[in-house]
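Undergrad: Here is a sequence together with a model predicted from it:
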Amino acid sequence: MKPDYAPFSKGLAFGDFCIIVLLGWILVSNMSLKHSGGILESLECAFDEAMPRIVSMNKLAQQPYKKRDPSLPKGRQVDDGSLAEVAALLGDLSLRRDMLIEALHLLQDGVGHLKAGHLTALADIFRLAQAEVYEVASFYHHFDIVKEDQAPPPPLTIRICDGLSCEMAGANALIEGMKAAADPAQIRIQAVPCIGQCDSAPAANLGKRSVKRATVPDLLSAAAQDTGPEMPEYEDFEAYKAKGGYSVLAKVIAGEIKPDDAVKTMSDAGLRGLGGAGFPAGMKWGFVRGYEGPRLMTVNGDEGEPGTFKDRWWLETQPHRMIEGALIAAHVVGCDEIYVYMRDEYPHILQLLLIEFAKVNASGFADHAPLKLRRGAGAYICGEESAMIESIEGKRGMPRHRPPFIAEVGLFGRPTLNHNIETVSWIPDILEHGAKWFAGQGWSEKNNGLRSFSVSGRVKEPGVKLAPAGIPLNKLIEEYCGGMAEGHSFKAFLPGGASGGIFPAHMADLPMDFGTFEAHGGFLGSHAVVILSDKDSVRDAALNTMRFFKHESCGQCTPCRAGTDKMVMMLQDPATDHQLYEDLMQVMGDSSICGLGQAASNCVKHLMKYFPEEMA
């Protein structure tokens, strides 16, 4: 008789199975009650708890056992039709391993989903194991895998953001309203994490078109129209060059600005990494230059931190500031190529950059370091630099163990310089006007330069605010955001997005700069400022951030994968023991591989510390 594996295939917990095996072993071994009575009693109780689940599993409909015909080859077989279809969709795409995600995008865009037969054909074309292709495709949220017995998704997908700023603006009601109003055969409604439109919440991506301050009628109307990306009015290559753009790069290439002088200017200016870590740019240049070439450069445009949208603003208006800055940095450090990694939630930016990269590469300005564009696929973790590098290489975006750091062993195993969009956008101005010009624009002598603050939530005028580094938040709200929204009183704020923590309004007089909030268990990070009012629940805000981290955990390490899930369940249960929160936060902070798991519980920590009344 063939063994019956149905209970396990239908969800029998492994722990239940272990209880049964251990209990049986004790009984068979005929252990004396003197030595095993306590154990036996505990196991009998556990057995009683497990049996109802076991019985319910056995009641589920069992699948017939299918024996493979030994005369046939194992696994999915490639058929000529799928090979031809995939080859046509790929066109002249290079079939290198690092182009796998680009190939998956072509299939997803061309068909609307990823057919199982197409994945098999893609593996054959790329000479990769089918499992390797499947694990990459299934890792990213924007790929829809459809197996042979499954129906494909509807022709149009509307992704409605349920991030904190959008939730505060009524995203949950919008999601439910669209599910009730839309034809499910034609439109798929998805609640998704932050899509970088927090200043116009609630926001949605309808196909490849962004809809700001969305309503049900707006989305239904837009669904019947063009769903392609809407191009912004930006300063293109010709306009930027006409006003003196690329003149600083020309001086660097000609040797008028020496590499050592450029590194010193960056250090004296106090320019820091503005993607979250705040590492001094000049010091980073020196580190990467110190490793033997060939070297590469990456620019991280995957700003997935909830509340962050400043890089989108820079690229929608003046993309060539970023391009020139990246080319300058690559020349100074000696990088042979520049890979710009852009999040898939910005389809208009991706199209814009494809157009402008082609112009710059053809102009000769990028001869020393050609520009290459890589497209994310909906994975917040790829904002972490080593995970981004894994994704550029066509793999799952899982953070690497360090050391070695990417400055030594980065993209394709080479020393790699990585910067954020805003960081490199300041480089041409700093080299043109000098270190003192930039450093002197801070709020005080302790703060250097200008910063782009992404401000959303309960303010009259949300948006990107270019303000002095170190400005107190209450000044930023009053002088740059028009004050609090009508009918709202300032209650709390997130200084650095979901991972930066949440603080009470009485701390809004602290300088908004690196090093300020670290002393209080948080950080400024990507300068993503979300303002909460007396109409908002801090507990609900913390729960929103934990749901986000649970959704976006890459799953590589247990403290993060299981910890975020457990934290969500605990927040949903008001009776949870506070010591359990403390224990779990310590394990996640001490044991997670990367910053996601280490910082995920910051808002919960501050909820307990600063808003204990909401934990009652």
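TA: Yes, it's here. Residues are numbered from 1 along each chain as shown.
Undergrad: CA atoms for contacts and neighbours, from now on please.
TA: Fine.
Undergrad: Return the residues in contact with Pro294.
TA: Gly334, Cys335, Asp336, Arg414, Pro415 (Cα atoms under 8 Å, 6 or more residues apart in numbering).
Undergrad: now the residue nearest to the fourth one when sequence neighbours are not counted: how far from Val455?
TA: Residue nearest to Arg414 in three dimensions, not counting chain neighbours: Arg295, with 5.6 Å by Cα to Cα, 6 or more residues apart in numbering. The span separating Arg295 from Val455 equals 36 Å under the rule Cα to Cα, to the nearest Å.
Undergrad: and the two? which has more neighbours close in?
TA: Shown here are Arg295 and Val455; by other Cα atoms under 10 Å, Val455 has more neighbours (31 against 26).
Undergrad: now the helices for the stretch 251-400 of the chain?
TA: In the stretch 251-400 of the chain, the helices defined using DSSP state H, counting those that start in this stretch lie at 259-269, 281-289, 310-317, 319-333, 347-363, 385-392.
Undergrad: Compile these into a markdown table and extend it with columns for mean neighbour count, mean pLDDT and distance to Leu122.
TA: Below are the helices of the stretch 251-400 of the chain laid out as a markdown table (neighbours: other Cα atoms under 10 Å; pLDDT from 0 to 100; distance: least, Cα to Cα, whole Å):
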| stretch | mean neighbour count | mean pLDDT | distance to Leu122 |
| --- | --- | --- | --- |
| helix 259-269 | 19 | 96 | 44 |
| helix 281-289 | 21 | 95 | 36 |
| helix 310-317 | 21 | 96 | 32 |
| helix 319-333 | 25 | 98 | 33 |
| helix 347-363 | 17 | 98 | 24 |
| helix 385-392 | 26 | 97 | 18 |
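Undergrad: For Ala492, find the nearest of those helices.
TA: helix 310-317 (21.4 Å; Cα to Cα).
Undergrad: and the angle for that closest one with helix 319-333?
TA: On the basis of axes from the mean of the first three to the mean of the last three Cα atoms, to 10 degrees, helix 310-317 is oriented at 110 degrees to helix 319-333.
Undergrad: which residues does the residue nearest to Arg414 bridge with?
TA: Cys335 (DSSP bridges).
Undergrad: got the residue ranges for the strands in the stretch 51-200 of the chain?
TA: 114-115, 145-146, 156-161, 187-192 (DSSP state E, counting those that start in this stretch).
Undergrad: Show me how far the last one is from its chain's centre.
TA: The reference is to strand 187-192. Averaging C-alpha positions (Cα atoms, centre = their mean, to the nearest Å) puts strand 187-192 18 Å from its chain's average.
Undergrad: Parallel or antiparallel, which strands does that strand pair with?
TA: Strand 187-192 is paired, per DSSP bridges, with strand 156-161 (parallel).
Undergrad: now for the contacts of Pro294, which pair is the farthest apart?
TA: So, the contacts of Pro294 by Cα to Cα: farthest apart are Gly334 and Arg414, at 12.0 Å.
Undergrad: ok, those two, which is more surrounded?
TA: Set side by side, Gly334 and Arg414 show more neighbours around Gly334, with 22 against 19, by other Cα under 10 Å.
Undergrad: contacting residues around the residue nearest to that one when sequence neighbours are not counted?
TA: Nearest residue to Gly334 in three dimensions, chain neighbours excluded: Arg295, at 6.5 Å (Cα to Cα, 6+ apart). Taking Cα under 8 Å, 6+ apart, we find Arg295 in contact with Gly334, Cys335, Asp336, Glu337, Arg414, Pro415, Thr416, Leu417.
Undergrad: got it, and Pro428?
TA: So Pro428 contacts Val248, Leu249, Arg321, Glu324, Gly325, Ile328 (Cα under 8 Å, 6+ apart).
Undergrad: and with 6 Å instead?
TA: Going by Cα atoms under 6 Å, 6 or more residues apart in numbering, Pro428 touches Gly325.
Undergrad: how far out from the middle of the chain is the host helix or strand of it?
TA: If you go by DSSP states H and E, Pro428 is part of helix 427-433. When distances are taken as Cα atoms, centre = their mean, helix 427-433 is centred 30 Å away from the chain's centroid.
Undergrad: What mean pLDDT does the next helix or strand after it get?
TA: Downstream of helix 427-433, the first helix or strand assigned by DSSP H and E is helix 435-439. Helix 435-439 carries an average pLDDT of 96.
Undergrad: if we can go back for a sec, any idea how far Phe365 is from the residue nearest to Gly334?
TA: Distance of Arg295 to Phe365, given as Cα to Cα: 18 Å.
Undergrad: what does Tyr140 give?
TA: For Tyr140, the distance to Phe365 equals 34 Å [Cα to Cα].
Undergrad: Met297 now?
TA: Relative to Phe365, Met297 is positioned 16 Å away (Cα to Cα).
Undergrad: what's the answer for Asp199, then?
TA: Distance from Asp199 to Phe365, by Cα to Cα: 35 Å.
Undergrad: and if you look at Cys166?
TA: Plainly put, Cys166 is 41 Å away from Phe365 if you go by Cα to Cα.
Undergrad: of those two, who's got more company?
TA: Per other Cα under 10 Å, whichever of Cys166 and Phe365 has more neighbours is Cys166, with 29 against 18.
Undergrad: and that one, what does it touch?
TA: Ala201, Pro202.
Undergrad: what about it, distance to Pro154?
TA: Here Cys166 is placed at a distance of 25 Å from Pro154 (Cα to Cα).
Undergrad: now swap in Phe503 and tell me
TA: Taken as Cα to Cα, the span from Phe503 to Pro154 is 42 Å.
Undergrad: Settle it for me: which of those two has more neighbours?
TA: The neighbour comparison of Phe503 against Pro154 (other Cα under 10 Å) goes to Phe503, with 26 against 15.
Undergrad: Assess the claim that the more buried one and Pro495 are in contact.
TA: No. Counting by Cα atoms under 6 Å, Phe503 stays clear of Pro495, with 8.0 Å between them.
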